[in-house]
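S.K.: Pasting a predicted model and its sequence here:
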There are 2 protein chains.
Amino acid sequence: MDNHGDTDKRVIDESLIIAVEQDILQRNNEEAGRNRRYFEEKNIFCLNLMSSPGSGKTTLLEETIRRLKGRAPVGVIEGDQQTSNDADRIAALDVPVYQVNTGQGCHLEADMINSALSEIKPEDGTILFIENVGNLVCPAMYDLGEKQRVVIISVTEGDDKPLKYPYMFQESDICVINKIDLVPYLSTKMEVLKENVLKVNRNLRIFEVSAAQGTGMDEWCRWLLESRT
Amino acid sequence: MDNHGDTDKRVIDESLIIAVEQDILQRNNEEAGRNRRYFEEKNIFCLNLMSSPGSGKTTLLEETIRRLKGRAPVGVIEGDQQTSNDADRIAALDVPVYQVNTGQGCHLEADMINSALSEIKPEDGTILFIENVGNLVCPAMYDLGEKQRVVIISVTEGDDKPLKYPYMFQESDICVINKIDLVPYLSTKMEVLKENVLKVNRNLRIFEVSAAQGTGMDEWCRWLLESRT
């Protein structure tokens, strides 16, 4: 294939690209710091839920909210490229929810959370879930000010994903393995999946659930309530 | 939440960010044009396979290659953040393959394909598959010079994904719906999924397959062989 003599132009542009990227991340970190202080002042326990599309984040949230009802105030910020489908599902459970549509954007940023907070005005002591855009790559780079980062992986995605997409797992505190009821129909090996999760980040706390069937949900909800205080 | 008096700085930076993004995309398009001319000269039928992680791209490729063996030359370029797992699986089938690791990168770009081509040197008339990084968002923006863009979706991801991540479906020519053998165990409705695919892009040609079970693979391979010429 051809070489093309624009090397000098490239070098200049690459450094500019890096400078712009650093600036975006730095500004995001400043906004995230602001969110974090706000959460601390109001004793809000904020979790950033990240995963591929279709891992079952919204179903996990629905089943979590059903179990937390009456035991703790809950709020949700939903991120999607398009539609308010997820927010509508959460709103049906009668908890404060706000939908962010990112358009072509591939992740949530801290200033979007800042705007969403002024809409839902979570009460003190709320467990606040942020459901990020479905993407196992880009959201890992953007701090939203959350207390806990939760990566969700469905067993249907196969047992090798932590090794192939390690950054998301390295940057997370909690790993929820979802849809475990489907394991009998898949080539995914549960032990291999857990081994690979811990190979990438041995500090990850793992929850094994089937949100749709209710399996493992009590343990997950107990942890949420205990971690809140 | 706070306002913070750096509006002027922001305005300047936003325009710089847009300029840098446009420059990246423009340079990518130039490289993609180079790849496209190369494919045309050598009569190479190139397909860009895009999807969420775990939709079954590599299994689809393995089963496709098994069926195309002896009927057409095949080559594969694999994209992942980390590991050469996928390339190893393809290499075991004894076809030319090259693994691109993007590190923190969330998509393949045309210049990576350019470099990969000089490694695998596909023969004239090859069906060349590019397996993009698992990501239903970002790869849609980057032309690689391919003839056909293929979005793969697993039924396990739910029937609403085309509506929530429309750009990938809008930018594709073909939609492969995979893992259809799992439908009986899911709440996903096949008719709703197909309806949503076509709602976003009514020109998408749909193939329904279970790569793992072999269902629908003959029709998909027949289309590949016919489209090649």
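M.R.: Good, I have the coordinates.

S.K.: Residue A:195 - how many residues pack around it?
M.R.: Neighbourhood size, residue A:195 [other CB atoms under 10 Å in any protein chain shown]: 12. In this view, the C-beta of every residue, glycine as well, is placed from N, C-alpha and C.

S.K.: Check which helix or strand it maps to.
M.R.: helix A:190-200 (DSSP states H and E).

S.K.: That helix - contacts with which helices or strands?
M.R.: helix A:161-164, helix A:166-170, strand A:174-178, strand A:205-208 (3 or more CB pairs under 8 Å, 6 or more residues apart in numbering or on different chains; DSSP states H and E).

S.K.: Please tabulate these in TSV and include distance to chain B and mean pLDDT as additional columns.
M.R.: Output for the helices and strands packed on helix A:190-200, formatted as TSV (distance: least, CB to the nearest CB, whole Å; pLDDT from 0 to 100):
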stretch	distance to chain B	mean pLDDT
helix A:161-164	5	96
helix A:166-170	5	97
strand A:174-178	11	98
strand A:205-208	17	98
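
S.K.: Tell me what angle the helix holding residue A:195 forms with strand A:174-178.
M.R.: Relative orientation of helix A:190-200 versus strand A:174-178 (axes from the mean of the first three to the mean of the last three CA atoms, to 10 degrees): 160 degrees.

S.K.: quick one, phi/psi of residue A:143?
M.R.: phi -70, psi 130 (degrees, to the nearest 10).

S.K.: excluding its backbone neighbours, what's nearest it?
M.R.: Spatial nearest neighbour of residue A:143, excluding adjacent residues (CB to CB, 6 or more residues apart in numbering or on different chains): residue A:32 at 3.9 Å.

S.K.: what's the answer for residue A:228, then?
M.R.: Distances taken as CB to CB, 6+ apart put residue A:45 closest to residue A:228, at 4.3 Å, once the chain neighbours are dropped.

S.K.: quick one, the helix ranked longest in chain A and helix B:7-41 angle?
M.R.: Counting residues, the longest helix found in chain A (DSSP state H) is helix A:7-41. Angle of helix A:7-41 versus helix B:7-41, following the same axes, to 10 degrees, is 130 degrees.

S.K.: Tell me the buried residues in helix A:7-41?
M.R.: A:20, A:27, A:28, A:31, A:32, A:34, A:35, A:36, A:38, A:39 (16 or more other CB atoms under 10 Å in any protein chain shown).

S.K.: quick one: contacts for residue A:190?
M.R.: A:155, A:159, A:177, A:180, A:183, A:208 (CB atoms under 8 Å, 6 or more residues apart in numbering or on different chains).

S.K.: Am I right that the residue nearest to residue A:228 is in contact with residue A:129?
M.R.: No. If you go by CB atoms under 8 Å, residue A:45 and residue A:129 don't touch, sitting 9.5 Å apart.

S.K.: related to what we said a few turns ago, return the set of buried residues in the helix holding residue A:195.
M.R.: A:193, A:194, A:196, A:197, A:200.

S.K.: what's the average pLDDT for that helix?
M.R.: For helix A:190-200, the mean pLDDT works out to 98.

S.K.: Return the distance of it from the chain's centre.
M.R.: Mean-position distance between helix A:190-200 and its chain equals 19 Å (CA atoms, centre = their mean, to the nearest Å).

S.K.: now the helices and strands packed on helix A:190-200 as TSV including mean neighbour count?
M.R.: Formatted as TSV, the helices and strands packed on helix A:190-200 follow (neighbours: other CB atoms under 10 Å in any protein chain shown):
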stretch	mean neighbour count
helix A:161-164	22
helix A:166-170	20
strand A:174-178	23
strand A:205-208	15
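
S.K.: any chance of these in a markdown table, with distance to residue B:90 too?
M.R.: As requested, these are exported to a markdown table (distance: least, CB to CB, whole Å):
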| stretch | distance to residue B:90 |
| --- | --- |
| helix A:161-164 | 14 |
| helix A:166-170 | 21 |
| strand A:174-178 | 27 |
| strand A:205-208 | 31 |
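
S.K.: Can you pull the poorly scored residue ranges out of chain A?
M.R.: Applying pLDDT under 70 to chain A flags residues A:1-13.

S.K.: three-state assignment of residue A:124?
M.R.: coil (DSSP: H, G, I helix; E, B strand; the rest coil).

S.K.: For it, give me its contacts.
M.R.: Residues in contact with residue A:124 (CB under 8 Å, 6+ apart) are A:42, A:43, A:44.

S.K.: So which of those wins on neighbours?
M.R.: residue A:44 leads these on contacts (other CB under 10 Å) with 24 neighbours.

S.K.: Please report how far it lies from residue B:106.
M.R.: Note on residue A:44: its distance to residue B:106, by CB to CB, to the nearest Å, is 30 Å.

S.K.: cool, and residue A:141?
M.R.: From residue A:141 across to residue B:106, the span is 9 Å (CB to CB).

S.K.: can you check residue A:228 too?
M.R.: Taken as CB to CB, the span from residue A:228 to residue B:106 is 33 Å.

S.K.: neighbour-wise, which of those two wins?
M.R.: residue B:106 (24 against 17).

S.K.: Which of the three states applies to the more buried one?
M.R.: coil.

S.K.: my read: it touches residue B:136, true?
M.R.: No. Counting by CB under 8 Å, residue B:106 does not reach residue B:136; the two are 10.8 Å apart.

S.K.: Not counting sequence-adjacent ones, nearest residue to residue A:146?
M.R.: Leaving aside its sequence neighbours, residue A:146 is closest to residue A:48 (3.9 Å, by CB to CB, 6+ apart).

S.K.: where does that neighbour fall, phi/psi-wise?
M.R.: According to degrees, to the nearest 10, residue A:48 has phi -100, psi 110.

S.K.: so it makes contact with residue A:133?
M.R.: No. Taking contacts as CB under 8 Å, residue A:48 lies outside contact range of residue A:133: 11.3 Å.

S.K.: what touches both of the two?
M.R.: residue A:139.

S.K.: who's more crowded, those two?
M.R.: Between residue A:48 and residue A:133, residue A:48 has the larger neighbour count (other CB under 10 Å), namely 28 against 24.

S.K.: That one: what's it in contact with?
M.R.: Residues counted as contacts of residue A:48 (CB under 8 Å, 6+ apart) are A:130, A:132, A:139, A:144, A:146, A:148, A:149, A:150.

S.K.: of all the residues you listed, which two lie farthest apart?
M.R.: By the measure CB to CB, A:139 and A:148 form the most distant pair in the contacts of residue A:48, at 14.1 Å.

S.K.: Residue A:93: neighbouring residues, count only.
M.R.: 16.

S.K.: again with residue A:105
M.R.: By the criterion of other CB under 10 Å, residue A:105 has 17 neighbours.
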